[in-house]
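> give me a model of this one.
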Amino acid sequence: MEVLNIQNLKKVYGSRFGGVKYTALDNIDLKVNEGEFVGIMGPSGSGKTTFLNVISTIDKPTSGKVEIDGRDISQLKEPHLSAFRRDKLGFIFQDFNLLDNMTLKENIVLPLALANTSYDEIQKRLKEITSKLGISEVLNKHPYEVSGGQKQRAAAARAIISNPSLILGDEPTGALDSKSSKELLSAMQYLNEKNKATILMVTHDTFAASYCKRVIFIKDGKLFNEIYKGDMSRKDFYQKLLKVLSVIGGDIDENI
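Numbering: from 1, shown residues only. The predicted model follows:
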């Protein structure tokens, strides 16, 4: 089943009155099927952040089509857009975006509470997801009382608890140490393989990208290359990613 369908996506920034225009995304085509774990990589300024912003409905495309679950998101208006974002998309940010005045439990169940989900269903999903992510014992603590890794796993739990069609990760390991990064990536891999969660993750970190099943490379606003992991070991996949990055000038992290 196709979750994300992008056709001829273009994003141009600049003045309508003769100012300098900058093409951030240039006629991108991409399809992502249910159960895929896709990484987006590229040099700084390549367009990968703009790409994520358009898919997440933060920004609107200049032209082209972005369909999620068959809905063209560029055609949605408020309040339907907010409802679509809440029901269909899950977000994992680099800086966690947890509310400090709420416990981890309250942060995690917030999307379900906003959707008026029943108490019993909330408790059922909470127990299942937090057990899988290994944070059951810290649910009654506030974000400032736990480690960065626990915060990010709580953010992942919040992203997945509403069973969204697509989970979007924006440099989710960027603020974590190596141990916490491995824990989060292993948790995301588990959710992808066991729950069939569909994940699209923007990252500059080759180590993080090596957990994906497919990696898309963007350069100068265009799709430059893509690599499928297939039967490769994660270490071999990592080395292949490094080779592509060395060609396009991406950041290289020798930390596997």
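
> all strands of the stretch 1-150 of the chain, in order?
Ranges of strands in the stretch 1-150 of the chain, per DSSP state E, counting those that start in this stretch, are 2-13, 22-33, 37-41, 63-68, 71-72, 89-93.

> pLDDT weak spots in the stretch 151-256 of the chain?
For the stretch 151-256 of the chain, the stretches with pLDDT under 70 are 250-256.

> and with 80 instead?
The stretch 151-256 of the chain contains residues with pLDDT under 80 at 249-256.

> what ranges do the strands span in it?
Using DSSP E, counting those that start in this stretch, strands in the stretch 151-256 of the chain cover 166-170, 199-202, 214-219, 222-228.

> got the contact list for the residue nearest to Pro164 when sequence neighbours are not counted?
Leaving aside its chain neighbours, Pro164 sits nearest to Gly90 (4.0 Å; criterion: Cβ to Cβ, 6 or more residues apart in numbering). Quick note: C-beta positions are derived from backbone N, CA and C, even for glycine. Contact analysis of Gly90 by Cβ atoms under 8 Å, 6 or more residues apart in numbering lists Arg158, Ala159, Ile160, Ser162, Pro164, Leu166, Ile167, Leu168.

> possible to save these as TSV with neighbour count and distance to Gln7?
Listed next are the contacts of Gly90 as TSV, based on neighbours: other Cβ atoms under 10 Å; distance: Cβ to Cβ, whole Å:
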residue	neighbour count	distance to Gln7
Arg158	23	31
Ala159	25	26
Ile160	25	28
Ser162	19	27
Pro164	22	22
Leu166	21	17
Ile167	22	22
Leu168	23	19
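
> among the strands of the stretch 151-256 of the chain, which is the most enclosed?
Mean neighbour count (mean count of other Cβ atoms under 10 Å) peaks for strand 199-202 among the strands of the stretch 151-256 of the chain, with a mean of 26.

> partner strands of that strand and their direction?
Strand pairing for strand 199-202, determined by DSSP bridges: strand 37-41 (parallel), strand 166-170 (parallel).

> dump these into a markdown table; add distance to Thr117 as well.
Converted to a markdown table, these look like this (distance: least, Cβ to Cβ, whole Å):
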| stretch | distance to Thr117 |
| --- | --- |
| strand 37-41 | 26 |
| strand 166-170 | 18 |
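
> just flag the most distant two among the contacts of Gly90.
Put simply, by Cβ to Cβ the two of those set farthest apart are Arg158 and Leu166, 14.8 Å from each other.

> picking that back up, closest one to Tyr119 among the strands paired with strand 199-202?
strand 166-170 (24.7 Å).

> what does that closest one contact?
Outside strand 166-170, the residues that reach it (Cβ under 8 Å, 6+ apart) are 3-4, 32, 49, 52, 55-56, 68, 88-94, 159-160, 188, 191, 197-203.

> try 6 Å this time
3, 52, 56, 68, 89-94, 159, 197-202 (Cβ atoms under 6 Å, 6 or more residues apart in numbering).
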